[in-house]
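J.: what's the 3D shape of this:
(chains A and B)
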Amino acid sequence: MENKYFKSLDELTIDTTREIETTQAGDKGFILESQNEVKSIATASRRDFLKAFGFTIASAAIASSCEQPVRKAIPFLIQPEGLIPGKAAYYASSFFDGIDYCSVLVKVRDGRPIKIEGNTLSSVTRGGTSARVQASVLGLYDNGRHKTPLLKGEETTWDQVDEKIIQKLTSIKDKQGKVVILSSTIISPTTKAAIAAFMDAYPGTDHVQYDVLSASGILKANETSFGKAFVPSYRFDKANLIVAFDADFMGSWLSPIEFTKQYMQNRKLTNGQRAMSRHIHFEGAMSLTGSNADNRVQIKPSQQKLVLANLLHELRKIEGGETSASIPASPVDIVSLASDLLKNKERSLVISGSNDTQEQLLVNAINQLLGNYGSTIETDIHLKLRQATDEKMDALVEQMNAGEVDGLIIYDVNPVYDYNKKDRFIEGLKKVDLTVAMPVFDEETSAFVEFVCPDHHYLEAWNDAEIKTGFYSLAQPAIRPIFKTRAAQESLLRWTGNSADYHQYLMSFWETQIFPKAVNELFFTAFWNTKLHDGVFESGEKEDSGLEFTQDPSNEVLVNLKETDNPSAIEMVFYTNVSVGTGKHANNPWLQELPDPVTKACWDNYIAISPRLAQELNINDEQLVSVNGLPALPVLIQPGQQYKTLSVALGYGREKGGVPANGVGKNMFPLLTTNNGNKTYWIGDVNIEVVEGTYAVARTQSHHSMEGRALVRDTSLEAYLENPESGNEVRKEIKAHLKSLYPKAEFDGFHWGMAIDLNSCTGCNACVVACSAENNVPVVGKEQVINSREMHWIRIDRYYKGDPEDPELVRQPVMCQHCDNAPCENVCPVAATTHSNEGLNQMAYNRCIGTRYCNNNCPYKVRRFNFFDYTGSDSFKGNRYDPAEMTTDLRRLVLNPDVTVRSKGVIEKCSFCVQRIQEKKLEAKTENRMLKDGDVVPACAQSCPADAIVFGNLNDKNSKVSKYFADERNYHLLEEIHTLPSVGYLTKVKNKTI
Amino acid sequence: MYVSPIREPLIRGAKNYSQVTKDILAPMAGTPSKYWYMGITLAGAAALFGAWATFMTVYYGIGTWGLNKTVGWGWGITNFVWWVGIGHAGTFISAILLLFRQKWRTSINRSAEAMTLIAIACAGFFPLIHMGRLLLGFFIFPYPNTRALWVNFNSPLLWDVFAISTYFLVSLIFWYVGLIPDIGTVRDKAKTKIRKAIYGFLSFGWTGSAKHWSRHETVSLILAGLAAPLVLSVHTIVSFDFATSVIPGWHTTIFPPYFVSGAVFSGFAMVLTLLIVARKALNLEEYITINHIESMNKVIIVTGSIVGIAYITEFFMAWYSGVEYEQYAFMNRAFGPYAWAYWIMMTCNVITPQLFWFKKIRTSLVATFIISIFVNIGMWFERFVIVVTSLHRDYLPSSWTMYKPTIVEVGLYVGTIGLFFTLFLIFIRVFPVIAIAEVKSVLKSSGDNKINAHHE
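T.: Residues are numbered from 1 along each chain as shown, chains lettered A, B, ... in the order given. Sure, this is the predicted structure:
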């Protein structure tokens, strides 16, 4: 203080006060301290100023140079009634795409449909779904959708389109011309009414139905046998012996979801049931259904008629009936099958996927002889799918070419792509004055018509359906139309001068036509509201025509039967797979990336060939070959393929589907031929030519043998009945060896577990798509699948057993096993993956730095690494990897907001749908109750049409999953390495004839 | 000290102390030769290739590599373990051989240690670059943070972080402490002011007083004592990355000793590769003699034999364990799709070093150089075999895949080799490649003139 210089007295005094305050600061606490600070700033020296100034400038510079992304979150101006942010609403609806039907619940979050779930109230599909049904929600956000009506390819308005169409229609009407409505099979009664109204308004209008997958053979055979063309209702659940000829009833034949439910109901061994149906499958190509059969017999498609005829002949012989006709011998032994069938009279089911009328007549005769009509085949309830006869379509095309058609309204079909004589169709189209298409997606046909009047996606539209006689269901919009689309029915009505919207029309139709069928309902509004809520209405009505099996022309077939089989000829089968199907959904990236249940290939079609023929022709996998001089396709060697049968999938080679669809595979529809008026899904005597070069096919599995490891355990029914542990004997030995120095993990509350009945899993892949939809699993595209980098959280492993020419095929869904002694958890250096106190193996994406050590150390290889920025969430710009256009603003609307979108460089994997567990726990908590068994259903389990997956609390000894775990058939994958998985598998039991 | 007449002198050419200083400092003086420029251009170009590959990896992601859902580690970790292995020779020579009083180490320890440091830097690059989210790499450090996050001390990868960083730090200090007297010499011989100032600073005021020498010796000995167990621990811990896992082919208790001997084996091979060239290029034949090379070759025989026995033991254990996965993993190594890699490894690592039993071969420069290259290749393939062939076919055949590196992975490897040689070439211009002080200390007992004098 003594040497303190001062410039003024003021300064001196201030300094003195400061000194006093500092000494007292300790007593006065922080208030004084902060005052001190204020003071010190007030008396800041030049140096302090520069310090503060420098800091401010520097921090301002840093802060302003870090660009902040602009994010728009706009709140509702008026909160919609009943909408709770963050809580999903479910609407019952009906999926129908002209081919497949499913009663569904649509999960809507914040106004966006984000997930499709099965509707358990429907007694047809009973809560089951398929891969395509699961994926259909992505179709709503398809970049390839029509966004406005088009006039000669130019965008226009509805008013203009309507005006011009009505003008043309009126002039056609005036000159008494002919208009044809070309549609897929219509199962909607109200749509039928709308079409009828249109036909009334424009007399001379014809309605032609056209099915890509035709059942003409069944329709025509039944017309002969019963006097009415119909598809009956099949009851696989009532059949003890199922004999299928080339009918892929779990994948593509008629009503696969319904059939899978029925079929599996009869094959469960978990509920004390000790009997199982037996399934014998005759086919040339290895199909999904064939691969699940107890016995699979390889025949060429051309041999089917002969085998059926011999079977009928043999049955009649045993029955002592007339066996006059002598017929060529069967290429395969059917004698024991015939006696087995007779043992199961009225309890058997013989079906054929053939579209040949004569073959279906033989099938009818066999079923009639076995007394199956009325038990396993219901003639009083009709399946309303596949009502089109191919002849009508062929006749229409000829009429168009002859200039007899003045107007053509194409609804829900894409013949320019999938009609086998598409050139003829296009030619004919040019001769039609008025051409209108009402598609949802931009399709090949749209380019050839004058007017495109885009229809709503089914999730935006009102509709109804009658899948089977008396089984009605409703479809309701789950979102306002995203684009300027209009319901096709509304368009038709509008053109008749009726300006009612389709919703009103539907309600009034139901009020007058459907409501009277309801027995205990008094008021229509109440009826409507409950049925709309349930999604389904089952009136219990039957077909009243009293159909009787009258005509049996099978003798004529038998007499005229010739040895047509040319043993050296190579035949080719055309099939549709469970992913893109007929190609209608080819622009759906989830479906394109879905591996085929048999070949595990995706993003392409290819020619399957038997190992023996491949060896003879000296060709390897992925060799390019050309069949009948058509564009070359790669070959995949398919164990179990009939020696001289090739097969190839339809539904590929789209040209105008959109980025994911275009140029994927080759279009095989032009190869289909017509035989006796019916489309035939195989061709005989094909000519294979090896073309220079190979073509890489993306496959998610490249090794097909279990290498003798006990991964998928199976047994026969006989052995199982003797010893329930059969096939699983090794487990006892393993368990005896499992010793650990560490105490076993204990879980006080919940211990989540999953059990998978391998006997039920068909491999249909519905779970894979359901998981992708629920968990925002990215699509990586063909190239990355070739690099083995697919992201699916659940996969279905498929292995062959035995002789490669005639192997058995086993499947195993594998997802994260949620090991209680998880090898992945202890190797993560940053503790990004940890065990929850409910037994879940958790991933903290934000914590993950991507060392991939967990992935290496996972014996099940279920962890998936984000090799690129697949989602657009990376911090770098311009490095996005999105070959399937999954990150456009439109597509992103499908993302589930409950699940984090993962960025580049992190590991992800199955979480047991932890968001669903959490949601149900909170629900139970708010309702002040305990969580019940079955409350929490992960996406995979929910989607399964075979109920193969069970989820629940292992601590609850009465839960279903605990019971499965206590079953003698239960085992854990790689139990011997002491990972203590929370997923159990139940041995597969086959009802084989030995 | 007793000098055996049959013991070869460690330094040839009857040198005196000032000659030693002059000879060893010669490479640092004047402008570099054109070979040096050519070398650094080539090495620099390789390093730039690596820089491009680094950018591709960080910007586009690990997808630019050939890894997939099954093979999560490939060339990246192969290179990491290879470089860590190479980084074993220097400290082994200077610490363990110092403790064992092996005087022949004095001529080679400096360059071997420098090589160690550079190799560890190259090795450390790989665990970093192979992270999916490199920018968040700091998560692996147990630093206090507001998010209450902590590392997982159960993870061998975390042990790696500590093991490698400790080893690098101790090796660096050890190397630098050894350098101090020599830096003093360089400072004293420096002709320009700047040089004098820089080396003056780096010498920490070294005067060469008895007190300085005494402290220097003590610190060296303590550091050697510290570094010696580290030599063994680093690769032991690196081997834990594999040994503690459940993957057949990785899950083996033999890994720690097998990895350590393999590391010394590959490290010595790399030292030989470098020194055979360096002694010629830098005219240091009289300091790094055939005698030195022969001694190193003997170490190679020992470690190479240990490695060979380990390979055979692994096979025996796979059979003896009765574990089908283990048995398959080893059959797959020898006869699977990557059998070529396995047989390259076996040939290079087990057969070629055995040739050193012949004195003619182990005293031949050309043969030694060729064999040292073989060992380098063989040891790289050993790591490739362990990392890739174990992973690509593990438990569930449904997930089996093949792995093929991409140009980016090649770029990263070539880049680290470029970095290695760039830094080494800079090193020989900046510091004396041979420990002058230490060589002088053995000159009296093992120099040519002394031994010759004794003969006379």
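
J.: tell me the strands in the stretch 851-994 of chain A, going along the chain?
T.: In the stretch 851-994 of chain A, the segments counted as strands under DSSP state E, counting those that start in this stretch are A:864-865, A:907-908, A:949-953, A:970-971, A:983-986, A:988-990.

J.: Nearest to chain B, out of these?
T.: strand A:864-865 (6.2 Å; CB to the nearest CB). All C-beta spots, glycine's among them, are computed from the backbone N, C-alpha and C.

J.: Next, find the distance separating the most centrally placed residue in chain A from A:Ala586.
T.: Within chain A, one residue has its C-alpha closest to the average C-alpha position: by CA atoms, centre = their mean, that is A:Ala131, at 1.0 Å. For A:Ala131, the distance to A:Ala586 under the criterion CB to CB, to the nearest Å works out to 13 Å.

J.: which residues are common contacts for those two?
T.: With contacts taken as CB atoms under 8 Å, 6 or more residues apart in numbering or on different chains, A:Ala131 and A:Ala586 have no neighbour in common.

J.: Quick check: A:Ala478 touching A:Tyr458?
T.: No: A:Ala478 sits out of contact with A:Tyr458 when judged by CB atoms under 8 Å, with a separation of 9.4 Å.

J.: Please enumerate the shared neighbours of the two.
T.: Common neighbours of A:Ala478 and A:Tyr458, counting by CB under 8 Å, 6+ apart, are A:Ser93.

J.: which secondary element of chain B has the worst mean pLDDT?
T.: Here the helix or strand of chain B ranked lowest by mean pLDDT, DSSP states H and E is helix B:448-455, holding a mean of 55.

J.: For chain B, what's the nearest residue on the stretch 601-750 of chain A?
T.: Using CB to the nearest CB, the closest approach of the stretch 601-750 of chain A to chain B is made by A:His703 at 4.1 Å.

J.: Need the strands of the stretch 851-994 of chain A in CSV (columns: mean pLDDT, distance to chain B and mean neighbour count).
T.: Formatted as CSV, those follow (pLDDT from 0 to 100; distance: least, CB to the nearest CB, whole Å; neighbours: other CB atoms under 10 Å in any protein chain shown):
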stretch, mean pLDDT, distance to chain B, mean neighbour count
strand A:864-865, 96, 6, 26
strand A:907-908, 96, 8, 24
strand A:949-953, 96, 18, 26
strand A:970-971, 96, 14, 23
strand A:983-986, 96, 13, 25
strand A:988-990, 94, 16, 23
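
J.: Next, the residue nearest to A:Thr357 when sequence neighbours are not counted: secondary structure please.
T.: For A:Thr357, ignoring the flanking residues on the chain, the nearest one in space by CB to CB, 6 or more residues apart in numbering or on different chains is A:Lys220 at 4.4 Å. At A:Lys220 the chain is in helix, as set by DSSP: H, G, I helix; E, B strand; the rest coil.

J.: residues touching A:Lys220, list them.
T.: When the contact criterion is CB under 8 Å, 6+ apart, the partners of A:Lys220 are A:Ala229, A:Thr357, A:Gln360, A:Thr389, A:Gly677, A:Asn678.

J.: let's see it at 7 Å
T.: A:Ala229, A:Thr357, A:Thr389 (CB atoms under 7 Å, 6 or more residues apart in numbering or on different chains).

J.: looking at it, the last one is touching A:Ser216, isn't it?
T.: Spelled out, it's A:Thr389. Yes: in this structure, A:Thr389 sits in contact with A:Ser216. The criterion is CB atoms under 7 Å, and the distance is 4.8 Å.

J.: between those two, who's got more neighbours?
T.: Between A:Thr389 and A:Ser216, counted using other CB atoms under 10 Å in any protein chain shown, A:Ser216 has the larger neighbour count: 26 against 23.

J.: burial count for A:Glu589?
T.: Heads up, residue A:589 is Pro, not Glu. Per other CB under 10 Å, the neighbour tally for A:Pro589 reads 26.

J.: excluding its backbone neighbours, what's nearest it?
T.: Counting by CB to CB, 6+ apart, A:Ala884 is the residue found nearest to A:Pro589 once chain neighbours are left out, at 3.7 Å.

J.: which residue sits closest to the residue of chain A found nearest chain B, ignoring its sequence neighbours?
T.: Proximity of chain A to chain B (CB to the nearest CB) peaks at A:Gly850, 1.8 Å away. Closest residue to A:Gly850 apart from its sequence neighbours, by CB to CB, 6+ apart: B:Gly132 at 1.8 Å.

J.: Correct me if wrong, but the one you found is in a helix.
T.: No: when classified by three-state DSSP, B:Gly132 is found to be coil rather than part of a helix.
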